[in-house]
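S.K.: Can you look at this prediction? I've put the sequence above it.
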Amino acid sequence: MPLTLHEIKEILNAKVLHGHNMLNEKIYSACGSDLMSDVLAFVKEQTLLLTGLTNHHVIRTAELLDVSAIVFVRGKHPAGDIVDMAKEHSIVLMSTSDTLFTACGKLYKAGLSGG
C-alpha cells in the first residue's frame, strides 16, 4: 500500500530537512540500509531510503536510482553541502530519532512494503 511522504513524516515523527513542498508524493516501497551496495542491488523507483549514513554517497546513490526521499535515522542530520546536493536533485530529506529497525517496522506495520 503506498503512503505519502506526509504520512511517513507523521508515522516516524520525522523532521523535514528539505522538500516540504513535495510531501504529497506517494512512496510504494522502502529500503533500510547503511550499505549503499545493497541499496544499488535492491531499490526501485519511488522508494524511500532509510539510513544512518549522512555522506554524499547516500545522495549519489539516491540520484542514480531515482529514490524519492531519504530518512536519516537515530536523529542524524546531514551537513549543509549534503542538503544542497539533495535540493539539486529534488530529493526529500527527513530525520527521525527512531533506530533503523524501529523506523522500518513502523512503516511496514503501516502497510509499506519492502519492495
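M.R.: Sure thing, it's come through. Computed from a predicted model, the values in this text were never measured in an experiment.

S.K.: Let's test this: name the helix or strand in the protein with the lowest mean pLDDT.
M.R.: The helix or strand of the chain with the lowest confidence, counting by mean pLDDT, DSSP states H and E, is helix 36-42 at a mean of 76.

S.K.: could I get the helix or strand encompassing residue 49 in PDB with only the CA atoms?
M.R.: Using DSSP states H and E, residue 49 sits in strand 47-51. Only the C-alpha atoms of strand 47-51 are listed here, as PDB (Å, rounded to 0.1, in the frame of the first residue of the first chain):
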ATOM      1  CA  THR A  47      11.300   4.200  -2.900                       C
ATOM      2  CA  LEU A  48      12.100   5.600   0.500                       C
ATOM      3  CA  LEU A  49      15.700   5.100   1.700                       C
ATOM      4  CA  LEU A  50      16.200   4.900   5.400                       C
ATOM      5  CA  THR A  51      19.800   5.100   6.600                       C
END
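
S.K.: hmm, back to that, who's in contact with the least confident helix or strand of the chain?
M.R.: Under the contact criterion Cβ atoms under 8 Å, 6 or more residues apart in numbering, helix 36-42 has outside partners 31, 33, 49, 51, 53, 57, 58, 61, 64, 65, 115. (Glycine included, C-beta is placed from N, CA and C.)
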